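Student: everything below, folded, please.
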Amino acid sequence: MYVPKHFVPDEDAVRDLLAHHGASDLVTMTARGLLSTLLPFEYDPDAGEHGALIGHMARANDQWREPVQGEAMVIVRGPEAYITPTWYATKREHHRVVPTWNYMAAHVYGRLVVHDDPAWIEAQMRRLTDRHEAGSEEPWSVDQAPARYIAGRLRAVVGVELLISRVEAKFKLSQNQPRENVEGVVAGLEARGRAGDTALAAAVRAHDPHTTTS
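Tutor: Predicted structure coming up:
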């Protein structure tokens, strides 16, 4: 991953992205070539030396059966959006501005472990479900479904765990822009209000080098 110094996040910010991301792409190199599946993962900071990403995939998906050549990779993304130069104050001064794309991303590398164990998979499903149901007024739980039905669903999937060896992350959030342009980006995102814009505006504000203090 190409990461200019402006866009290098600190370790706490990367861990926060891993803990709160949505679905991510599991990518493996195999004898058949590159394989990829979009999966929701849970971050377990206490697994292995550097933590792990845990999830599950359909048993019918051949990716888990294919031996991995080298490391596997999970591509984790945070909020992202198009940034128009009309939001930059400097556009009105000299017009030497161009559009860009702001985003938060991490390439998480490690050894992929397959768990063909109903107990492991059920624990992972419960953890994943509980996290995503936490904000609901009437949260659903695994226990609300018939036990026989859940047992059948567990047989239809396998667990996957990426034991993390290293993480390359890039938070491109207008940190290379002057203060007035960063303020314009935040205001523009909040006013535009498309899906993800509010979250990205908050991230731009949180990583603004002009206001962040050590």
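Student: the lowest-mean-pLDDT helix or strand in the chain packs against which elements?
Tutor: Every helix and strand in the chain was compared by mean pLDDT, DSSP states H and E; the lowest is helix 91-94, with a mean of 91. Judged by 3 or more C-beta pairs under 8 Å, 6 or more residues apart in numbering; DSSP states H and E, helix 91-94 is in contact with no other helix or strand. Any C-beta I mention is one placed from the backbone N, CA and C, and that applies to glycine too.
Student: starting at the chain centroid, how far to that helix?
Tutor: Centroid displacement of helix 91-94 relative to its chain, using C-alpha atoms, centre = their mean, to the nearest Å, is 35 Å.
Student: mind listing what's buried in that helix?
Tutor: By neighbour count with 16 or more other C-beta atoms under 10 Å, helix 91-94 contains the buried residues residue 91.
Student: can you tell me what sits against that helix?
Tutor: Taking C-beta atoms under 8 Å, 6 or more residues apart in numbering as the criterion, the residues outside helix 91-94 that touch it are 85, 97.
Student: okay, that helix in PDB with CA atoms only?
Tutor: Presented in PDB, the C-alpha positions along helix 91-94 are these (Å, rounded to 0.1, in the frame of the first residue of the first chain):
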ATOM      1  CA  LYS A  91     -10.200  27.500  -5.200                       C
ATOM      2  CA  ARG A  92     -11.500  31.100  -4.900                       C
ATOM      3  CA  GLU A  93      -7.900  32.300  -4.600                       C
ATOM      4  CA  HIS A  94      -6.000  30.600  -7.400                       C
END
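Student: shouldn't residue 7 be in contact with residue 175?
Tutor: Yes: taking contacts as C-beta atoms under 8 Å, residue 7 lies within contact range of residue 175: 6.3 Å.
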